[in-house]
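> coords please:
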Amino acid sequence: TSGTLYRTSYAIDSTRAEILIAGSSRANHHYDAPLLAMKFGKTVYNTGRDGQGFLYSAAIISAAIERYTPTLLILDIAPDELAIDEKERLTCLLPYRNRPNIKPYIDYMGDFQQIMLFSKTYPYNSILSSIIAGNSSYVGTGIDYFGYLPLSGVLPENSLPKERIGKDDTIIPQKIAIFRDLLHKLEKKHINTYVVISPMYSFY
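Residues are numbered from 1 along each chain as shown. Sure thing, here's the model as predicted:
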């Protein structure tokens, strides 16, 4: 009924917002859904999720636009998005493995996941605490504003990310294919789409 898992399920199954925002934590914490709703005069929902990347966003968007047609999509991506291997991150989608629009992204994770999914409890192994927290009135799960989670405080200078030494910038062909497929789906449904690389703090 609240928390990260609720927001993912709501984005997949329920939202009918005219404007969708998708991306990682930068989308989740930077795009003020209530403010955008006021400025545009339209309903807005922020589907961003901490620790995720483009493939998670593509899965959520694909499931949402199968149900309805938003008028506008803002997709926030990282500068090196197409070179990041996200296979290990997508375990959060395992509980939705039987959804036709989610399954292709589960398949992307590889054959090992398909074997593990013979276990009915495997998809929930790492999220039991989140399930309990999201259904408990005694555990604070944070307040979200149409999916937007504001952050407060000051970012310590020593917490800024450093350039990764020996970083591999090789673009992953599978991700290009998925990106093109998603853009084709959006174009087919005449959904105005903005792909944004928002500002980020880093030393380079």
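> how about residues contacting the lengthiest helix in the chain?
If you go by DSSP state H, the chain has its longest helix at helix 173-188. By C-beta atoms under 8 Å, 6 or more residues apart in numbering, the residues outside helix 173-188 that reach it are 54-55, 58, 61-62, 65, 73, 81-82, 86, 108, 193. C-beta coordinates here come from the backbone N, C-alpha and C atoms, glycine included.
> show the average pLDDT along the helix or strand that it is followed by.
Next helix or strand after helix 173-188 toward the C-terminus (DSSP states H and E): strand 192-196. Averaging pLDDT along strand 192-196 gives 97.
> how far away from the center of its chain is strand 192-196?
In terms of C-alpha atoms, centre = their mean, to the nearest Å, the gap separating the centre of strand 192-196 from the centre of its chain is 15 Å.
> tell me the helices and strands packed up against the helix or strand A37 falls within.
Assessed by DSSP H and E, A37 sits inside helix 33-40. Packing partners of helix 33-40 (3 or more C-beta pairs under 8 Å, 6 or more residues apart in numbering; DSSP states H and E): strand 19-22, strand 44-46.
> if we go to 10 Å?
The contact analysis (3 or more C-beta pairs under 10 Å, 6 or more residues apart in numbering; DSSP states H and E) places helix 33-40 against strand 19-22, strand 44-46, strand 72-76.
> how much does the helix or strand following the second one deviate in direction from helix 173-188?
Pointing back at strand 44-46 there. Downstream of strand 44-46, the next assigned helix or strand under DSSP H and E is helix 54-67. Angle of helix 54-67 versus helix 173-188, following axes from the mean of the first three to the mean of the last three C-alpha atoms, to 10 degrees, is 30 degrees.
> picking up where we left off before, to Y96, which of the helices and strands packed on helix 33-40 lies closest?
Comparison of the helices and strands packed on helix 33-40 against Y96 by C-beta to C-beta identifies strand 19-22 as nearest, at 15.7 Å.
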